[in-house]
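**Q** predicted structure and sequence below. I'll ask about it afterward.
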Amino acid sequence: MSEETGANAIDPNTMSIIVTKGSLDWAYPPFILGTTAAAMGLEVTMFFTFYGLPLLLKKMDLKVTPLGNAAMKMPMMGGHMVMPNIVAAIPGVDAMASKMMKNLIKKNGVASIEDLRDLAVEADVRMIGCQMTMDLFDYQADEMIDGIEVGGAATYIEVATKSHINLFI
């Protein structure tokens, strides 16, 4: 197979990320990978769709849920404890787990999602909000942070077909 050149060539210094989840724990991977790649000189595009779209809202209220997350082990009492799904179904447990996670983030000096998102803006990461998702969930452009684009699947596909690295998170 021959390497493509011209308008259809894949640029080795590009990365695209589809962001599909908007919980506190799932927001970290795309922003950490995107900002790190941008700092390393890659041209990064992030496409926010479905439950990932709220990460572009001006006002975020991120939570984490242990429900259905068997790998979630929180450091407690000198060890790492897994929260059984039955406990996670009790009202208020999501709020407790979110508070614990936010405390861990702060205690360990990990940047907040808001800080990472600001860094992505400063690093000229191209952030695209999915138009269909905005329509589906009744989001308005003025609810989103400044500097994003709104586009559809075709906008993302155009980027992805020319990106060296494509991630789905």
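**A** Sure thing, it's come through. Quick caveat, the model's predicted, so the values are computed rather than measured.
**Q** only C-alpha atoms for contact and neighbour calcs from this point on.
**A** Fine.
**Q** and V159, how many residues sit next to it?
**A** 21 (other Cα atoms under 10 Å).
**Q** could you give the average pLDDT over the host helix or strand of it?
**A** Counting by DSSP states H and E, the element that carries V159 is helix 153-160. Mean pLDDT, computed over helix 153-160, is 96.
**Q** cool, and stretch 117-133?
**A** 97.
**Q** do stretch 34-52 as well
**A** On average, stretch 34-52 scores 97.
**Q** residues in contact with it?
**A** 13-22, 27, 30, 55-56, 116, 119-120, 123-130, 133, 156, 159 (Cα atoms under 8 Å, 6 or more residues apart in numbering).
**Q** out of those, which are inside helices?
**A** Counting by DSSP state H, the contacts of stretch 34-52 place 27, 30, 116, 119-120, 133, 156, 159 in helices.
**Q** residue contacts, Y156?
**A** F47.
**Q** what is the end-to-end distance of stretch 37-46?
**A** 12 Å (Cα to Cα, to the nearest Å).
**Q** and it, what's buried?
**A** 37-38, 42-46 (16 or more other Cα atoms under 10 Å).
**Q** relative to the whole chain's centre, how far out is the helix holding V159?
**A** Relative to its chain's centre, helix 153-160 lies at 17 Å (Cα atoms, centre = their mean, to the nearest Å).
**Q** again, but for stretch 22-42
**A** 7 Å.
**Q** buried residues in that stretch?
**A** For stretch 22-42, by 16+ other Cα under 10 Å, it's 22-28, 30-32, 34-38, 42.
**Q** any of the contacts of stretch 34-52 buried? List them.
**A** 14-22, 27, 30, 55-56, 116, 119-120, 123, 125-130, 133, 156, 159.
**Q** which of the ones in helices among the contacts of stretch 34-52 sits closest to D146?
**A** Of all the ones in helices among the contacts of stretch 34-52, D146 sits closest to A120, with 12.1 Å by Cα to Cα.
**Q** show me the strands in the protein, by range?
**A** 11-19, 43-48, 73-76, 79-82, 126-130, 149-151, 163-168 (DSSP state E).
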